[in-house]
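Student: need a 3D model of the sequence below.
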Amino acid sequence: MDKQAQIIIVDGTDLLAGRLSSNVAKLLLQGNHVSIVNCEKIMISGNRRNIIDEYRNFLKVSSVLHPKHGPYHPRRPDTIIERMIRGMLPRKKPSGHAALKRLRTYIGVPSELRSKDKMILENAKITRPSANYTTMADLAREVGWTQ
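Tutor: Predicted coordinates:
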């Protein structure tokens, strides 16, 4: 709130999901509007099989009395990232609720954002070869996302 709010576009290609989420949460709490493009190319570190198994176990969490009433689990890469960022915001406070409304996530790059310059978060870049990571698209396909 010390400076003017900006519209920030972040390209998620080859960025680590957790570090990206924490950086974006901080930007949102400062009053900026943040759009994340290429959510399907965001990377998750760790053993591929473990990541997928953990997410499948997360999908089994539901209400005992009425599973249809939730909780609802995201399966698309952009909604998975949105949910990760939501977990890093104080969303039950007015500031966190307002911050979450300033977030937009996209699969690919929408036409209205193509010409704009994108911000690169240096501290969220992957450090090893990309074969050591799992992309958000791979995880989403394994848990039921169909394009």
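
Student: so residue 58 is in which element?
Tutor: For residue 58, the element it lies in under DSSP states H and E is helix 48-59.

Student: scratch that, residue 4 is what I was asking about
Tutor: Here residue 4 sits in a region with no helix or strand, counting by DSSP H and E.

Student: please report how far the residue in the chain sticking out farthest from the centre lies from residue 57.
Tutor: Most distant from the centre of the chain: residue 65, at 30.1 Å, with distances by C-alpha atoms, centre = their mean. Computed as C-beta to C-beta, to the nearest Å, the residue 65 to residue 57 distance reads 20 Å. Just so you know, the C-beta spots here come from the backbone N, C-alpha and C atoms, and that holds for glycine as well.

Student: residue 146 too?
Tutor: Taking C-beta to C-beta, one finds residue 146 at 21 Å from residue 57.

Student: helix/strand/coil for the residue farthest from the centre of the chain?
Tutor: coil (DSSP: H, G, I helix; E, B strand; the rest coil).
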